[in-house]
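Engineer: Here is the input, now give the coordinates:
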Amino acid sequence: MHIVFIDDEEVTHDSINLCLFSTEYKLKSFFNPQEALNYLLNTEDKIDIILLDLMMHGFHGIEVLNMIKKIPKIKNVPVVIQTSINKPEDIAKCMHLGADYYLQKPYNKEDLIKVFENVKNTRSSSS
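Structural biologist: Numbers count the residues shown, from 1 in each chain. Reported below is the predicted structural model:
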C-alpha cells in the first residue's frame with residue numbers, strides 16, 4: 001500500500017518512518033502541503049491512503065483536506081487525519097469534509113497499522 005504523509009514536524013516523520021519500517025506500507029513523505037498536493041495531482045502512482053496532520057505552519061489540515069476532496073483525481077483516496085487536538089468540533093468538521101479516520105496523537109505503531117488495515121478492509125469490501 002502506498003501512503004502519502006503530510007506533516008510539517010520532522011520528529012513526526014521520523015516516528016512514522018520507524019512505525020512503518022519493515023511493513024507492507026510504502027511511505028512518500030511531505031513537509032509542505034502544497035508540494036504534497038502537486039505530487040498527488042501529477043503522480044502516476046496509485047495512492048492508497050493520505051495521512052494528514054491537522055496543525056501545520058501556513059496551512060491548516062482542514063484546508064488541505066478540503067482541497068483534496070475537491071480534486072477529482074484524488075477525492076476518493078481515503079484520508080486519515082492525525083493530530084494532538086481533541087476538539088469535537090474539529091473532529092466533526094474533518095469527518096463532514098470526508099476524512100475517513102481521525103487518529104489522536106500520541107499513538108503507537110499498532111494503532112497506526114490498525115487504522116491502515118481498517119481502511120484497506122473497508123475499501124476492499126466496498127469494491
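
Engineer: give the contact list for the residue nearest to residue 98 when sequence neighbours are not counted.
Structural biologist: Spatial nearest neighbour of residue 98, excluding adjacent residues (C-beta to C-beta, 6 or more residues apart in numbering): residue 69 at 4.5 Å. In this view, the C-beta of every residue, glycine as well, is placed from N, C-alpha and C. By C-beta atoms under 8 Å, 6 or more residues apart in numbering, the residues touching residue 69 are 75, 79, 97-98.

Engineer: Just among the residues you listed, which is most surrounded?
Structural biologist: residue 79 (26 neighbours; other C-beta atoms under 10 Å).

Engineer: That one reaches residue 98, doesn't it?
Structural biologist: Yes: here residue 79 reaches residue 98: they are 6.7 Å apart, a contact under C-beta atoms under 8 Å.

Engineer: what residues are shared contacts of the two?
Structural biologist: Common neighbours of residue 79 and residue 98 (C-beta under 8 Å, 6+ apart) are 65, 68-69.

Engineer: Check which helix or strand the residue nearest to residue 98 maps to.
Structural biologist: Per DSSP states H and E, residue 69 falls inside helix 61-70.

Engineer: Contacts for the longest helix along the chain next, please.
Structural biologist: Longest helix of the chain, by residue count under DSSP state H: helix 109-126. Helix 109-126 is contacted by residues 1, 3, 16, 18-20, 23, 25, 48-49, 78, 80, 100-101, 103 when judged by C-beta under 8 Å, 6+ apart.
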